[in-house]
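Enquirer: Following is a predicted model, sequence given first.
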Amino acid sequence: MNYLELIQKTAVEAKDDLKNINSFSAAEDYRIKYLGRKGLISELFEKIALVPKEHKSQFGKELNSLKKELEHSYEELLSRFPKQKSAVFSEDLTLPGLKPNIGSKHIVTRTLDEIKDIFKSFGFITAEGPEVESDYYNFSALNFPEDHPARDMQDTFFVSQNLLLRTHTSPVQIRYMEKHSPPIRVIAPGRVFRNEAVSARSHCIFHQVEGLYVDRKVTFAELKGTLFNFAKLFYGKDVSIRFRPSFFPFTEPSAEMDVSCVLCKGKGCRVCKYSGWLEILGCGMVDPNVFKSVNYDPEEFTGYAFGIGIERIAMLKYGIDDIRILFDNDIRFLKQFIRI
Ligand code: PHE
């Protein structure tokens, strides 16, 4: 077969192929077969070196015009079968939907809300105070004498000589009593700060709920009754409580309250250090000196106060053994407590 016939043969084949094309992808195959880098036209161009001299120029002309012809028919094919938008096929409608992320309350907030609700049902209202306090409200008015070692119990972050980050929410008692007369039934939830090394058991920032009840003839028995009912509502009716003598400058007598271990039900475990009991709060009868600093007559009024550590209670309730995890804001930890 001479070289010109090769061109003829390719032209006939291309015409035949053209008749059967009815889609974009078939047009694409046509382009690759004839006009692609390794297509038949390229192949023929490579053969030009072998063509005898006297036919070379005719061979080149005819091959060029075939190439133009095929390019033209390919253009036409494209206008008849345009490229489909591939996005239509990239969506897999059978895939399961994406779950939206749902926000929820942090367990410290949730615990705080539960405690607030319980005391609200006992008739306590909520009061708030500043986080940056004066020495007077945080210490002096609460019967911490100047230079008294009791101030060491609460490692303090000082802002200046006289200003500090409150070490407890008890200063809210003083602020509230300055503005109101008995009877008073108030709780003060809020953030407190202590200059302590951060460890699994203690943090330099945590939350407290302080409670205060002042009226005529308030007794220690009422304090016990109120806290006992709180413990039952919070932990369930099977919980037991006990009081141990303690010391706080602003209460006399003072006590700490334990609940039977919520994890082992009093049998003894690692969390309760095999004692069967967990300490959850400090409390006591308001010291007469505190009443004097807010101009209440200690002969006329008595009262009780208590202070609950929220993180501690939340950790016990949710079985968390490292306080730091509550402040890391690791989404994997927080997600476990989403309640829908
Ligand atoms: N304010 C005390 C503390 O932070 C707790 C407390 C409050 C104790 C009220 C007794 C009465 O340790």
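Expert: All right, it came through fine. Residues are numbered from 1 along each chain as shown.
Enquirer: Can you get me a residue count around Asp92?
Expert: 6 (other C-beta atoms under 10 Å). In this view, the C-beta of every residue, glycine as well, is placed from N, C-alpha and C.
Enquirer: mind checking pLDDT for it?
Expert: Looking at Asp92, its pLDDT reads 80.
Enquirer: Secondary structure class of it, three-state.
Expert: coil (DSSP: H, G, I helix; E, B strand; the rest coil).
Enquirer: Give the next helix or strand downstream of the strand or helix carrying Ala221.
Expert: In the assignment (DSSP states H and E), Ala221 maps to helix 220-235. Going down the chain from helix 220-235, the next helix or strand is strand 241-248, by DSSP H and E.
Enquirer: Which of the three states applies to whatever residue of the stretch 201-340 of the chain ends up closest to the ligand?
Expert: Closest residue of the stretch 201-340 of the chain to the ligand, C-beta to the nearest ligand atom: Gly307 (2.6 Å). Here Gly307 is recorded as strand under three-state DSSP.
Enquirer: Show the model's pLDDT score for it.
Expert: Gly307 is given a pLDDT of 96.
Enquirer: Spell out which residues of the stretch 201-340 of the chain are next to the ligand.
Expert: Residues of the stretch 201-340 of the chain lying close to the ligand (C-beta under 6 Å from any ligand atom) are 210, 248, 251, 282-284, 305-307.
Enquirer: redo that, cut-off 5 Å
Expert: 248, 251, 282-283, 305, 307 (C-beta under 5 Å from any ligand atom).
Enquirer: ok, how many other residues are close to the residue of the stretch 201-340 of the chain closest to the ligand?
Expert: 22.
Enquirer: ditto for Leu70
Expert: Neighbour tally, Leu70, other C-beta under 10 Å: 24.
Enquirer: Offset the numbering so it begins at 123, please.
Expert: Right, with 123 as the first residue, what we last looked at is Leu192.
Enquirer: which residues touch it?
Expert: Residues near Leu192 by C-beta atoms under 8 Å, 6 or more residues apart in numbering: 136, 156-157, 163.
Enquirer: what does Met379 give?
Expert: By C-beta under 8 Å, 6+ apart, the neighbours of Met379 are 349, 353, 363-366, 401-405, 428.
Enquirer: SS state for it?
Expert: strand.
Enquirer: So in terms of bridging, what pairs with it?
Expert: Beta-bridge partners recorded for Met379 (DSSP bridges): Phe365, Leu403.
Enquirer: what separates it from Glu401, distance-wise?
Expert: Plainly put, Met379 is 7 Å away from Glu401 if you go by C-beta to C-beta, to the nearest Å.
Enquirer: For the residue of the stretch 173-322 of the chain found nearest the ligand, which residues are in contact?
Expert: Residue nearest to the ligand within the stretch 173-322 of the chain (C-beta to the nearest ligand atom): His290, separated by 3.3 Å. His290 makes contacts with 260, 276, 314, 330, 332, 429, as judged by C-beta under 8 Å, 6+ apart.
Enquirer: Now name the helix or strand holding the fifth one.
Expert: For Glu332, the host element (DSSP H and E) is strand 327-337.
Enquirer: for that strand, packing partners?
Expert: Here strand 327-337 is seen to pack against helix 229-243, helix 293-301, strand 306-315, helix 342-357, strand 424-431, helix 432-440 when contacts are counted using 3 or more C-beta pairs under 8 Å, 6 or more residues apart in numbering; DSSP states H and E.
Enquirer: re the thing from before, just checking, the residue of the stretch 323-462 of the chain closest to the ligand touches Thr291?
Expert: Yes: checked against C-beta atoms under 8 Å, the pair Gly429 and Thr291 is within contact range at 6.9 Å.
Enquirer: got any residues that touch both of those two?
Expert: With C-beta under 8 Å, 6+ apart, Gly429 and Thr291 have common neighbours 330-332.
Enquirer: Which residue ranges of the stretch 173-322 of the chain form strands?
Expert: Taking DSSP state E, counting those that start in this stretch to define them, one finds strands in the stretch 173-322 of the chain at 247-248, 254-256, 285-287, 306-315.
Enquirer: Tell me how far the longest one lies from the chain's centre.
Expert: When distances are taken as C-alpha atoms, centre = their mean, to the nearest Å, strand 306-315 is centred 25 Å away from the chain's centroid.
Enquirer: And for the third one?
Expert: Taking the mean of its C-alpha atoms, strand 285-287 sits 29 Å from the chain's own mean (C-alpha atoms, centre = their mean).
Enquirer: Tell me the buried residues in it?
Expert: 286-287 (16 or more other C-beta atoms under 10 Å).
Enquirer: list the helices and strands it packs on?
Expert: Against strand 285-287 (3+ C-beta pairs under 8 Å, 6+ apart) you get strand 254-256, helix 257-260.
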